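>>> Here is my input, please return the structure:
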Amino acid sequence: MTNDDWLEIGRIVSPHGLKGELRVYPSSDFPERFEEPGQRWLKPPGDNPPQAAELLWGRFVPGKGLYVVQLKGVDNRDQSEALRGYQLLVPASDRPELEEDEYHILDLIDLEVFNQLTGEAVGVVVDVIPAGNDLLKVKLQSSVQPPPTQPETPPPTRTSKKRQSKAKKQPQ
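The predicted model follows:
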(Lines give C-alpha, C1' and ligand atoms only; values in the text may rest on other atoms or scores of the structure.)
Protein backbone atom coordinates (compact mmCIF):
# COMPACT_ATOMS: atom_id res chain seq x y z
CA MET A 1 0.00 0.00 0.00
CA THR A 2 1.17 3.54 -0.75
CA ASN A 3 0.96 6.56 1.57
CA ASP A 4 -2.27 7.60 -0.20
CA ASP A 5 -3.88 4.35 0.98
CA TRP A 6 -3.65 5.41 4.65
CA LEU A 7 -5.24 8.09 6.83
CA GLU A 8 -3.47 9.38 9.91
CA ILE A 9 -5.92 9.45 12.80
CA GLY A 10 -3.45 10.46 15.47
CA ARG A 11 0.13 10.66 16.66
CA ILE A 12 1.56 8.99 19.75
CA VAL A 13 2.97 11.78 21.89
CA SER A 14 4.03 9.97 25.07
CA PRO A 15 3.52 7.01 27.39
CA HIS A 16 0.81 7.24 30.04
CA GLY A 17 1.44 5.46 33.31
CA LEU A 18 3.41 2.24 33.81
CA LYS A 19 1.20 -0.36 32.08
CA GLY A 20 1.94 0.49 28.44
CA GLU A 21 -0.86 2.98 27.86
CA LEU A 22 -0.23 5.64 25.22
CA ARG A 23 -1.23 9.28 24.87
CA VAL A 24 -2.43 9.99 21.34
CA TYR A 25 -2.98 13.46 19.89
CA PRO A 26 -5.94 13.01 17.49
CA SER A 27 -6.05 14.24 13.91
CA SER A 28 -9.51 12.73 13.39
CA ASP A 29 -12.90 14.10 14.37
CA PHE A 30 -14.32 10.59 14.82
CA PRO A 31 -13.89 9.44 18.46
CA GLU A 32 -14.82 5.84 17.66
CA ARG A 33 -11.44 5.47 15.97
CA PHE A 34 -9.82 5.69 19.41
CA GLU A 35 -12.52 4.16 21.60
CA GLU A 36 -13.74 1.08 19.72
CA PRO A 37 -11.46 -1.99 19.82
CA GLY A 38 -10.12 -3.29 16.54
CA GLN A 39 -7.23 -3.22 14.14
CA ARG A 40 -5.22 -0.06 13.56
CA TRP A 41 -1.77 0.44 12.08
CA LEU A 42 1.36 2.03 13.50
CA LYS A 43 3.79 3.85 11.23
CA PRO A 44 7.22 4.62 12.63
CA PRO A 45 8.92 7.90 11.73
CA GLY A 46 10.69 7.83 8.37
CA ASP A 47 9.96 5.67 5.35
CA ASN A 48 9.18 2.45 7.22
CA PRO A 49 5.91 0.72 6.30
CA PRO A 50 2.96 0.60 8.75
CA GLN A 51 2.63 -2.38 11.10
CA ALA A 52 -0.68 -3.88 12.25
CA ALA A 53 -1.66 -3.21 15.88
CA GLU A 54 -4.77 -4.11 17.84
CA LEU A 55 -6.50 -1.37 19.83
CA LEU A 56 -7.89 -2.86 23.05
CA TRP A 57 -9.54 0.27 24.45
CA GLY A 58 -9.29 4.03 24.50
CA ARG A 59 -10.75 7.02 26.29
CA PHE A 60 -10.79 10.78 25.79
CA VAL A 61 -9.04 12.94 28.40
CA PRO A 62 -11.14 16.10 28.86
CA GLY A 63 -9.12 19.30 29.11
CA LYS A 64 -6.06 17.74 27.46
CA GLY A 65 -7.48 17.25 23.95
CA LEU A 66 -5.98 13.79 23.64
CA TYR A 67 -6.83 10.11 24.01
CA VAL A 68 -5.26 7.45 26.21
CA VAL A 69 -5.24 4.09 24.41
CA GLN A 70 -4.01 0.57 25.08
CA LEU A 71 -2.57 -1.57 22.28
CA LYS A 72 -2.22 -5.34 22.47
CA GLY A 73 1.37 -6.37 23.25
CA VAL A 74 2.36 -2.99 24.71
CA ASP A 75 2.48 -3.88 28.41
CA ASN A 76 4.99 -1.55 30.06
CA ARG A 77 6.34 1.97 29.95
CA ASP A 78 9.51 1.03 28.04
CA GLN A 79 7.45 -0.50 25.21
CA SER A 80 5.16 2.53 25.10
CA GLU A 81 8.12 4.94 25.17
CA ALA A 82 9.54 3.20 22.08
CA LEU A 83 6.34 4.16 20.18
CA ARG A 84 6.68 7.91 20.81
CA GLY A 85 6.32 9.79 17.50
CA TYR A 86 4.59 6.92 15.67
CA GLN A 87 1.52 7.68 13.59
CA LEU A 88 -1.73 5.81 14.25
CA LEU A 89 -3.32 4.95 10.89
CA VAL A 90 -6.43 3.42 9.32
CA PRO A 91 -6.88 2.44 5.68
CA ALA A 92 -8.24 5.26 3.51
CA SER A 93 -11.12 2.93 2.62
CA ASP A 94 -12.34 3.22 6.26
CA ARG A 95 -13.42 6.84 5.79
CA PRO A 96 -16.85 7.40 7.36
CA GLU A 97 -19.77 8.23 5.10
CA LEU A 98 -20.76 11.88 5.29
CA GLU A 99 -24.05 13.70 5.05
CA GLU A 100 -24.88 16.02 2.17
CA ASP A 101 -22.87 19.28 2.31
CA GLU A 102 -20.20 17.64 4.52
CA TYR A 103 -16.64 16.98 3.40
CA HIS A 104 -13.41 15.44 4.61
CA ILE A 105 -10.80 18.06 5.42
CA LEU A 106 -8.13 16.28 3.37
CA ASP A 107 -10.38 16.58 0.31
CA LEU A 108 -9.83 20.35 0.38
CA ILE A 109 -6.12 20.08 -0.35
CA ASP A 110 -5.25 20.84 -3.99
CA LEU A 111 -8.65 22.48 -4.63
CA GLU A 112 -8.64 25.79 -6.49
CA VAL A 113 -9.73 28.90 -4.55
CA PHE A 114 -11.84 31.64 -6.17
CA ASN A 115 -12.71 35.20 -5.17
CA GLN A 116 -16.46 35.12 -4.45
CA LEU A 117 -17.03 38.65 -5.74
CA THR A 118 -15.15 38.46 -9.03
CA GLY A 119 -14.98 34.72 -9.72
CA GLU A 120 -11.26 35.14 -10.35
CA ALA A 121 -8.93 32.24 -9.39
CA VAL A 122 -6.88 33.20 -6.33
CA GLY A 123 -4.75 30.10 -5.67
CA VAL A 124 -4.74 26.51 -4.46
CA VAL A 125 -5.31 25.06 -0.97
CA VAL A 126 -2.02 23.54 0.22
CA ASP A 127 -2.81 22.80 3.88
CA VAL A 128 -5.53 22.95 6.52
CA ILE A 129 -4.46 24.34 9.89
CA PRO A 130 -6.56 23.12 12.82
CA ALA A 131 -7.68 25.98 15.04
CA GLY A 132 -10.95 27.14 16.61
CA ASN A 133 -12.16 27.28 13.03
CA ASP A 134 -9.97 25.39 10.57
CA LEU A 135 -7.81 27.73 8.50
CA LEU A 136 -6.96 27.12 4.86
CA LYS A 137 -3.38 27.77 3.78
CA VAL A 138 -3.58 28.95 0.17
CA LYS A 139 -0.68 29.20 -2.27
CA LEU A 140 -1.50 32.37 -4.20
CA GLN A 141 -1.14 32.65 -7.94
CA SER A 142 1.67 35.06 -8.72
CA SER A 143 -0.50 37.43 -10.78
CA VAL A 144 -3.26 37.70 -8.21
CA GLN A 145 -3.06 39.87 -5.13
CA PRO A 146 -5.23 38.92 -2.15
CA PRO A 147 -8.17 41.25 -1.64
CA PRO A 148 -7.86 43.50 1.39
CA THR A 149 -9.86 42.38 4.38
CA GLN A 150 -10.71 45.97 5.29
CA PRO A 151 -10.86 49.16 3.26
CA GLU A 152 -7.53 50.92 3.26
CA THR A 153 -7.27 53.57 5.92
CA PRO A 154 -4.29 55.73 6.71
CA PRO A 155 -2.29 54.54 9.70
CA PRO A 156 -3.05 56.36 12.94
CA THR A 157 -0.67 59.19 13.80
CA ARG A 158 0.16 60.64 17.15
CA THR A 159 0.60 64.34 17.59
CA SER A 160 1.42 66.12 20.76
CA LYS A 161 -0.65 69.05 21.98
CA LYS A 162 2.34 71.32 21.31
CA ARG A 163 2.47 70.30 17.65
CA GLN A 164 -1.29 70.76 17.32
CA SER A 165 -1.16 74.28 18.72
CA LYS A 166 1.68 75.23 16.34
CA ALA A 167 -0.26 73.87 13.42
CA LYS A 168 -3.25 76.17 14.07
CA LYS A 169 -3.85 78.78 11.39
CA GLN A 170 -2.90 82.33 12.26
CA PRO A 171 -5.63 84.92 11.65
CA GLN A 172 -4.84 87.12 8.62
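
>>> Do you have the strands of the protein handy? List them.
6-16, 21-26, 38-43, 51-61, 66-71, 87-91, 112-114, 121-129, 135-140 (DSSP state E).

>>> What strands line up against the last one, and which way round?
With DSSP bridges as the criterion, the sheet partners recorded for strand 135-140 are strand 121-129 (antiparallel).

>>> how far out from the middle of the chain is the strand it pairs with?
14 Å (C-alpha atoms, centre = their mean, to the nearest Å).

>>> ok, now stretch 70-87?
With C-alpha atoms, centre = their mean as the basis, the mean position of stretch 70-87 lies at 24 Å from the chain mean.

>>> go on, stretch 106-126?
Here the centre of mass of C-alpha atoms in stretch 106-126, compared against the chain's by C-alpha atoms, centre = their mean, lies 19 Å away.

>>> nearest residue to the residue nearest the centre of the chain other than its sequence neighbours?
For the chain, the residue lying nearest the average C-alpha position, counting by C-alpha atoms, centre = their mean, turns out to be P130 (3.7 Å). Residue nearest to P130 in three dimensions, not counting chain neighbours: S27, with 7.9 Å by C-beta to C-beta, 6 or more residues apart in numbering. Yep, even glycine has a C-beta here, placed from its N, CA and C like the rest.

>>> For V122, see how far away that neighbour is.
S27 sits 27 Å away from V122 when distances are taken as C-beta to C-beta, to the nearest Å.

>>> give the contact list for the closest residue to W57 other than its chain neighbours.
Excluding its sequence neighbours, the residue lying closest to W57 (C-beta to C-beta, 6+ apart) is Q70, at 5.4 Å. Taking C-beta atoms under 8 Å, 6 or more residues apart in numbering, we find Q70 in contact with K19, G20, E21, L22, L55, L56, W57, G58.

>>> Now the two most distant members of those residues.
Farthest apart among those by C-beta to C-beta are K19 and L55. That separation is 15.2 Å.
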